[in-house]
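Participant: can't give you the sequence, but here's the structure:
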């Protein structure tokens with residue numbers, strides 16, 4: 001709602017479908033020639049999807065400062081989870097009528113004699129790869145039969161075998177969000193430990209803020225990336241790409257196991273896989289704005 005034109009105040013992301021949200025939905029429905037009943041049904045969802053696809057393809061102007069940039073990063077990440085993600089407790093894909101991403105699944109109908117299929121949410125996934133500047137983008141809309149069989153039969157295969165079929169896209173998703181929010185970041189890969197870095201380490205846990213980047217088990221481990229959406233008490237609320245049972249975009253929570261960094265600057269988080277080291281980084285705002 002906040003990405004479209006409106007004469008009403010910006011909505012606060014508070015999880016409450018209150019009077020202001022109702023008024024904004026009715027305004028949006030009127031703009032799209034829909035019945036302004038305030039009910040976010042299939043037609044309104046479809047109009048929102050079209051709006052989001054426009055935003056994700058064009059991107060937003062560079063934010064005027066760090067606070068606005070952080071807000072934009074969090075809003076876009078959460079919107080991506082709502083519009084393109086399969087919730088953990090949601091319906092089981094495939095869903096041929098939806099652009100929601102389940103990146104290791106096809107839609108079930110072969111498109112050629114080899115048995116290849118359209119990828120669940122492949123068009124949306126291609127936009128994520130393309131916006132991040134990753135060369136795999138043209139391969140996202142379809143999924144070869146061999147890849148479908150591999151992911152179905154060997155879900156716990158080594159990372160290099162999985163990445164040979166679909167490059168791990170948790171970090172790609174983070175870069176997509178940053179670039180869509182208007183940050184002037186270079187194309188993939190993320191420049192964190194490079195000669196010309198665009199991120200710097202956050203060395204104290206109390207300095208972690210919404211919009212920062214987290215890398216879980218980065219030292220020879222799975223190196224999962226997520227975006228910090230909020231940090232309340234000892235709980236980090238996140239948006240994760242390439243995550244969950246559907247390899248989608250989900251909103252998650254991590255609890256802090258240790259707020260004292262080790263000799264590599266890693267803190268400890270409780271994750272779905274156990275107690276893991278985690279390193280945080282923040283954009284170098286003087287470079288990216």
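Facilitator: Thanks, I have the structure now. As the structure is a prediction and not an experimental result, all values here were calculated from the model. Numbers count the residues shown, from 1 in each chain.
Participant: When you work out contacts or count neighbours from here on, use the C-alpha atoms and nothing else.
Facilitator: Will do.
Participant: What does the residue of the chain positioned farthest from its centre show for phi and psi?
Facilitator: Note on the chain: the largest C-alpha distance from the chain mean falls to residue 113, namely 33.7 Å (CA atoms, centre = their mean). Residue 113 has phi and psi values of phi -60, psi -20 when expressed as degrees, to the nearest 10.
Participant: before we move on, what about the one 10 residues further on?
Facilitator: The phi and psi torsions at residue 123 (degrees, to the nearest 10) take the values phi -70, psi -40.
Participant: Spatially nearest residue to it, not counting backbone neighbours?
Facilitator: Distances taken as CA to CA, 6 or more residues apart in numbering put residue 141 closest to residue 123, at 5.1 Å, once the chain neighbours are dropped.
Participant: now do residue 256
Facilitator: residue 269 (4.7 Å).
Participant: partner strands of the helix or strand containing that neighbour, parallel or antiparallel?
Facilitator: Per DSSP states H and E, residue 269 falls inside strand 267-271. Counting by DSSP bridges, the strands paired with strand 267-271 are strand 248-258 (antiparallel), strand 274-283 (antiparallel).
Participant: what comes up buried for the last one?
Facilitator: For strand 274-283, a neighbour-count test (16 or more other CA atoms under 10 Å) marks 276-283 as buried.
Participant: what stretches of the stretch 51-200 of the chain score poorly on pLDDT?
Facilitator: 51-59 (pLDDT under 70).
Participant: which stretches of it form helices?
Facilitator: Assigned by DSSP state H, counting those that start in this stretch, the helices in the stretch 51-200 of the chain fall at 66-84, 122-132, 145-153, 159-165, 170-180.
Participant: Which phi and psi values does residue 215 adopt?
Facilitator: As for residue 215, its main-chain torsions (degrees, to the nearest 10) stand at phi -120, psi 120.
Participant: any idea of the pLDDT on it?
Facilitator: Here the pLDDT value assigned to residue 215 is 98.
Participant: Contacts only, for it.
Facilitator: Residues near residue 215 by CA atoms under 8 Å, 6 or more residues apart in numbering: 223-226, 278-280.
Participant: Quick check: phi and psi on the closest residue to residue 244 other than its chain neighbours?
Facilitator: Of all residues not flanking residue 244 in the chain, residue 88 sits nearest, at 6.6 Å (CA to CA, 6+ apart). Dihedral angles phi and psi of residue 88 (degrees, to the nearest 10) take the values phi -60, psi -30.
Participant: Just give me the neighbour total for residue 88.
Facilitator: 17 (other CA atoms under 10 Å).
Participant: and it, how far is that from residue 104?
Facilitator: Separation of residue 88 from residue 104 (CA to CA, to the nearest Å): 15 Å.
Participant: what's the answer for residue 288, then?
Facilitator: Distance from residue 288 to residue 104, by CA to CA: 33 Å.
Participant: Can you pick out the residue with more neighbours from the two?
Facilitator: When residue 288 and residue 104 are compared on other CA under 10 Å, the one with more neighbours turns out to be residue 104, at 24 against 19.
Participant: shouldn't that one be in contact with residue 247?
Facilitator: Yes: look at residue 104 against residue 247 with CA atoms under 8 Å: they come within range, at 6.7 Å.
Participant: for residue 247, what are its contacts?
Facilitator: If you count contacts by CA under 8 Å, 6+ apart, residue 247 has them with 101-104, 241.
Participant: mind redoing it with 10 Å?
Facilitator: Residue 247 is in contact with 85-86, 88, 101-105, 168-170, 240-241, counting by CA atoms under 10 Å, 6 or more residues apart in numbering.
Participant: now swap in residue 236 and tell me
Facilitator: Applying CA under 10 Å, 6+ apart, the residues contacting residue 236 are 208-210, 227-230, 252-256, 269.
Participant: quick revisit: would you confirm that the residue nearest to residue 244 contacts residue 81?
Facilitator: No: using CA atoms under 10 Å, residue 88 is not in contact with residue 81; the gap is 11.1 Å.
Participant: Name the residues contacting each of those two.
Facilitator: Contacts common to residue 88 and residue 81, judged by CA under 10 Å, 6+ apart, are 248-251.
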